[in-house]
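S.K.: Could you look at this predicted model? Sequence included:
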Number of protein chains: 4
Amino acid sequence: MSTQKLHMGIIGAGRIGRVHAETLAFRLPEAQIAAITDLNREAAQALAARCNVSNIAESSAEILADPQIEAVLICSPTPTHADLIVAAAKAGKHIFCEKPIAHSLGQIDRALAAVEAAGVQLQIGFDRRFDANFARVRKAVATGEIGVPSLMHIISRDPAPPPIGYIRSSGGIFADMTIHDFDMARFLIGDEVEEIYTAAGVMVDPEIGLAGDLDTALVLLRFRNGTIGAIDNSRKAVYGYDQRVEILGSKGKIATENCYPNQATVSSADAVYKDLPLNFFMERYTESFAAELRSFVNAIREKRPTEVNGMDGRIPVQMALAARKSYDEHRPVRVEEITA
Amino acid sequence: MSTQKLHMGIIGAGRIGRVHAETLAFRLPEAQIAAITDLNREAAQALAARCNVSNIAESSAEILADPQIEAVLICSPTPTHADLIVAAAKAGKHIFCEKPIAHSLGQIDRALAAVEAAGVQLQIGFDRRFDANFARVRKAVATGEIGVPSLMHIISRDPAPPPIGYIRSSGGIFADMTIHDFDMARFLIGDEVEEIYTAAGVMVDPEIGLAGDLDTALVLLRFRNGTIGAIDNSRKAVYGYDQRVEILGSKGKIATENCYPNQATVSSADAVYKDLPLNFFMERYTESFAAELRSFVNAIREKRPTEVNGMDGRIPVQMALAARKSYDEHRPVRVEEITA
Amino acid sequence: MSTQKLHMGIIGAGRIGRVHAETLAFRLPEAQIAAITDLNREAAQALAARCNVSNIAESSAEILADPQIEAVLICSPTPTHADLIVAAAKAGKHIFCEKPIAHSLGQIDRALAAVEAAGVQLQIGFDRRFDANFARVRKAVATGEIGVPSLMHIISRDPAPPPIGYIRSSGGIFADMTIHDFDMARFLIGDEVEEIYTAAGVMVDPEIGLAGDLDTALVLLRFRNGTIGAIDNSRKAVYGYDQRVEILGSKGKIATENCYPNQATVSSADAVYKDLPLNFFMERYTESFAAELRSFVNAIREKRPTEVNGMDGRIPVQMALAARKSYDEHRPVRVEEITA
Amino acid sequence: MSTQKLHMGIIGAGRIGRVHAETLAFRLPEAQIAAITDLNREAAQALAARCNVSNIAESSAEILADPQIEAVLICSPTPTHADLIVAAAKAGKHIFCEKPIAHSLGQIDRALAAVEAAGVQLQIGFDRRFDANFARVRKAVATGEIGVPSLMHIISRDPAPPPIGYIRSSGGIFADMTIHDFDMARFLIGDEVEEIYTAAGVMVDPEIGLAGDLDTALVLLRFRNGTIGAIDNSRKAVYGYDQRVEILGSKGKIATENCYPNQATVSSADAVYKDLPLNFFMERYTESFAAELRSFVNAIREKRPTEVNGMDGRIPVQMALAARKSYDEHRPVRVEEITA
């Protein structure tokens, strides 16, 4: 087995940990899983067996102490991210961390400082940047194919809300769901958002409102370069996962459609119909998950900066806090107002 | 010739006057043009010849004094609308008036009071309500096909801005262009807008900014029933007229696409392409213009209320004023704040 | 009223006669209906009243004898076409005749000879040539946009079979239904068909088979220039009228989709669907019917050849006879084999 | 490592051998590559290194003699298939063999007899059956969603012809290219083809004609159950790989579209366009290649019949011979006429 393979440790064997582990095991010949750990040891064992990994670490500390491991995947719950980043950075490991880094800027800044001090690489798990549709839109903007952007729309709706327990610890819709769209907005336009105005409500499930959260939102963005955008979020679209963007520019527009399990259309006596779009992120972004890890593994092996760095992890959190503040105070809020 | 035909007088032989006259002459057997007038007598003569109309009236007063004429079409410039409505109402004529009635609520209320006092019918020229696409969307909402609406988008972009001279006397983008979308928002959701927040800018032509107007806008709407909507306006979409809506409801979504001159797709060595959408409102809404007149003529003949009444003419103007106020004051504005 | 209007007589006030009369009356200012006749006098009266025509002729002879009438529309049943063409030609009238001229080449040739001897113009009612979709396809071939054609498909399916009584006198599926597609094939490719092979059956209704006819067919065409084509016909498509073409050329392909009553798509919990396509030819080809008459009227007024001439009426009948012969003899048949 | 993994030997490390090896190595935890062989030893070594396989066999004989190997993948050139099947069957190995088994029925029957005598399983590499689009169409037919089929179309065009050297040894367009469509026709309709009529020509490259082959074809099929179908083949579609099917049934139709690298549409000042479809079978059928191997591996492990058996390999070859005979003799040919 080649010594050039990147040896990685996986911290967290939950749903997203499993996705990443399978990618590393079965789709990325350039990487090797050296160890897996999870507080739930059975989950770690099952995943290790699935991926032909012999080493089940007792703890993240054991992984960080392993000199053979060059990089770690942090797939544990959000509250552990910042501390794990700090510890991994101190241990000299490169880091791939799921979003969000944390729910407060203070914690994020502490983590980013540790990364900077250690000189390691950090990539945040904004997988959608690696989706073929959104990459095509970014290309249309970056190459000038549609000229200078003026108006942007992001539609991002989940098929169904998560359990109310998840909602309660999620940090709220903006930190949990819109955060992907905040990242997408910055990525697609290639500029920063200056001001946010939020209109939102509870239209899907009153329980979500009782938990202090919102389930439906239209978030208006004003970019530094003048582009105006809108993010449309709903925790429930009965027809499935709805993930589209559209940008109007001075030379044209680009718009994406959802992805479907097949390209068949049936015409019956009642309607012309097709099957529902791919239902949720595991189906819709299968290839994006693989592509972001490939990008990370290759960045580390080739000593290049990662494609989604620490500031890319920080700014969407700041935007999420601004979006909530705008809703709470019923006024447009400048992103720079959020400092902690 | 049947005496049951509705005898109509046309005031204004400009572009929209010509459209309506041709509809009456060539597509509506139930109506008859009794007279045409225009300050530009040559325009009136040309239109009369085109439509086989022998009576060219000297003035609107002559038309209003004609006892044979049961209804008038007001197609003259906006500043004349309110006075003409008042005069026509006093003369006992039913009235079809192009939008907007006026740019201020005071003038509009004066006109509506005259209509009410005279007991005549008034229809406002919001032709898009009669478009097959938007009618289908309204049906999906009204019948419950998509359940309770939560999020709405209206995309409404012109192929190119009008001449700067037109811009200066237009009343501004909200009164001139968004007004159609304000009407559409009310029509589609079947509810009133409570609050408006406007993000806007000058991104198409700096001359428009120098004239004190805006050319690009995202107008966020909050309806009484909780629905949140966004209207996307641009004075310039290089690919042509862009007129789409989308509504998310508790049971599904409905979305419309643009209309194209043909349904052909070409696949070349470079791309898979189709021709541009129908370029502007004269092509896109040809059938809507005919349908709104058919609706008016039949409402009068059958003594039914018109489908687009005086309040339908007033409220979008109020919304336009609120949209501008929101932009000027950089805050959400309640529609009821606008009282004059 | 302008003396430049083309004065026309209408022979036959059935369904297609009504369509053409309304076009002349309400959409073509360049034409004037001078008289209408029908063996069913009530039908003629109703249509005359509808179109503001005062002259109801006793017979086609009366129309042909009227010196004011410059052109006639032959909308009577097929068996009368050839004789009426001969009579109209002898009377010096220009002729618009519904398809087919006749079911035998002998009758057609007699009619065409009379037209040629009289030096009048003849246009055959192949309205689909004037459809925006098919015109766009023809343009792509004629301009070289898709290069040299090699393969062609025509899908042409009716929503439901006509009454069995109609079937019995229709001349069979090839003469009645495929004839439009034979015309389309020649028109789109701009070349003649050399050989035909037919596979067909009775799959819709056994009654059609008992009447000696077929209801489902795939007709393979070989053009002189080498292009190979297929016409797909069914008397029944439960989802409505299906009218599409596709051509592959050396530089690309062009394909058309059906026309829909609106451009709305609904996404429900079960499927993503749209309304059925426009149901049948009266809805689908509304504009084509108007355009073909406009073309005829203008050709006569401007002394230009018509766009669909006598040979365009003859050759599809010859092809229809070849298609049936191929089916009967279970072999490819050269079109030139059909001589009577 | 689990002893339940299916141990497989790969014979042939060319393009398709590489595809299958990577699937086994990186996507099918249930299988294990025990050995790879190729006459070109370097190719075998490169593939083994890529897939972490330590055993490079000297010959197919060595693989067949290995008692640990339960199944073989035959990915060598077509002329070797029949002999290898016979040898593998005698060695008691289950067999996955690329299409076609051979170009003559005699050779095929010899191979199938050996398979039957040995009681091993055989699967033929008709990967398209495992494509999501075609599987959806099959489902619509099999479940009765579109009722009883009457008309079928298969469009199957390559982006560019293979090198002329390949053409010369390919067995001709029907055996090399249409064979996939013959399989698809049987699979989709679930019935056998009784008679074939072929119209074809050389329209892409005269060199192909000089090599005795054709490059453009319309093959008309008549199934036993009455369904009529057409296969449209071209060796060159400049816009890329064109793979679509459509079936009309008594209760509706189902039609598939091509697959695209992304779902983005750009609207410029010239056209509304999207990127070209996925270019060729390696991109288009990536998932089908994986799915067919998964199906084979699981069939062997679970002692079930394979989904594409020996007769599924024989009949399309018979159809290809009938298609050519029809072209040569310019008449419809019954498939049963082909006996050798």
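M.R.: Everything's here; your move. Numbering: from 1, shown residues only, chains lettered A, B, ... in the order given.

S.K.: What separation do you get for the closest residue to A:Asn279 other than its chain neighbours and C:His81?
M.R.: Counting by Cβ to Cβ, 6 or more residues apart in numbering or on different chains, the nearest residue to A:Asn279 once its immediate chain neighbours are dropped is A:Gly240, at 4.7 Å. Where C-beta positions appear, they are placed from N, C-alpha and C, glycine not excepted. Note on A:Gly240: its distance to C:His81, by Cβ to Cβ, to the nearest Å, is 56 Å.

S.K.: So between these two, which is more surrounded?
M.R.: C:His81 (27 against 24; other Cβ atoms under 10 Å in any protein chain shown).

S.K.: ok, what's across the strand from A:Ser234?
M.R.: A:Arg157, A:Thr216 (DSSP bridges).

S.K.: Which positions in the stretch 201-340 of chain A make contact with chain B?
M.R.: A:201, A:203-204, A:216-218, A:220, A:222, A:226, A:228-230, A:232, A:234, A:236-239, A:242, A:248, A:250-253, A:330-332 (Cβ under 8 Å from any Cβ of the partner chain).

S.K.: Restricted to strands, list the residues you listed.
M.R.: Within these, residues falling in strands by DSSP state E are A:201, A:216-218, A:220, A:222, A:228-230, A:232, A:234, A:242, A:248, A:252-253.

S.K.: Helices of the stretch 151-300 of chain A, start to end?
M.R.: Listed in chain order, the helices of the stretch 151-300 of chain A (DSSP state H, counting those that start in this stretch) span A:164-168, A:173, A:179-189, A:206-210, A:281-284, A:286-301.

S.K.: Those residues of the stretch 201-340 of chain A touching chain C, which are they?
M.R.: Contacts of the stretch 201-340 of chain A with chain C, taken as Cβ under 8 Å from any Cβ, map to A:237-240, A:242, A:267-277.

S.K.: Where does the prediction get shaky in chain A?
M.R.: Chain A contains residues with pLDDT under 70 at A:1-3.

S.K.: Just give the closest residue to the residue nearest the centre of it, not the sequence neighbours.
M.R.: Nearest to the mean C-alpha position of chain A, by Cα atoms, centre = their mean, lies A:Phe126 at 3.1 Å. Using Cβ to Cβ, 6+ apart and skipping residues adjacent in sequence, the residue nearest A:Phe126 is A:Asp183, 4.5 Å away.

S.K.: before we move on, what about A:Leu276?
M.R.: Using Cβ to Cβ, 6+ apart, the nearest residue to A:Leu276 is A:Gly240, at 4.6 Å.

S.K.: which residues touch the one you found?
M.R.: A:Pro159, A:Asn258, A:Leu276, A:Pro277, A:Leu278, A:Asn279, A:Phe280, C:Ser267 (Cβ atoms under 8 Å, 6 or more residues apart in numbering or on different chains).

S.K.: separation between it and A:Ala160?
M.R.: A:Gly240 is 9 Å from A:Ala160, where distance means Cβ to Cβ.

S.K.: What's opposite A:Val72 in the beta bridge?
M.R.: Under DSSP bridges, the beta-bridge partners of A:Val72 are A:Gly9, A:Ile95.

S.K.: how near is it to A:Gly240?
M.R.: Distance, A:Val72 to A:Gly240, by Cβ to Cβ: 34 Å.

S.K.: one step back: of the residues of the stretch 201-340 of chain A next to chain C, buried ones?
M.R.: A:237-240, A:242, A:267-268, A:271-277 (16 or more other Cβ atoms under 10 Å in any protein chain shown).

S.K.: Just put these in TSV and tack on distance to B:Gly313.
M.R.: Shown next, in TSV, are those (distance: Cβ to Cβ, whole Å):
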residue	distance to B:Gly313
A:Ala237	35
A:Val238	36
A:Tyr239	36
A:Gly240	40
A:Asp242	35
A:Ser267	42
A:Ser268	42
A:Ala271	37
A:Val272	38
A:Tyr273	39
A:Lys274	41
A:Asp275	44
A:Leu276	41
A:Pro277	40
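
S.K.: and of the residues you listed, the nearest to D:Lys325?
M.R.: A:Ser267 (36.1 Å; Cβ to Cβ).

S.K.: hang on, isn't the closest one packed against D:Lys253?
M.R.: Yes - taking Cβ atoms under 8 Å as the definition, A:Ser267 is a contact partner of D:Lys253 at 4.9 Å.

S.K.: Need the overlap of contacts for these two.
M.R.: With Cβ under 8 Å, 6+ apart as the test, A:Ser267 and D:Lys253 both reach C:Ala237, C:Tyr239, C:Asp242.

S.K.: between those, which is closest to chain A?
M.R.: C:Tyr239 (3.7 Å; Cβ to the nearest Cβ).

S.K.: Could you look up the SS state of A:Gly313?
M.R.: helix (DSSP: H, G, I helix; E, B strand; the rest coil).

S.K.: Was I right to think it contacts A:Val115?
M.R.: No - contact between A:Gly313 and A:Val115 fails when scored by Cβ under 8 Å: they sit 9.9 Å apart.

S.K.: Looking at the two, which one has more neighbours?
M.R.: A direct count of neighbours by other Cβ under 10 Å for A:Gly313 and A:Val115 places A:Gly313 higher, at 28 against 23.

S.K.: For the residue nearest to that one when sequence neighbours are not counted, the count of nearby residues, please.
M.R.: Leaving aside its sequence neighbours, A:Gly313 sits nearest to A:Ile124 (Cβ to Cβ, 6+ apart; 3.7 Å). For A:Ile124, the count of nearby residues is 26 (other Cβ under 10 Å).
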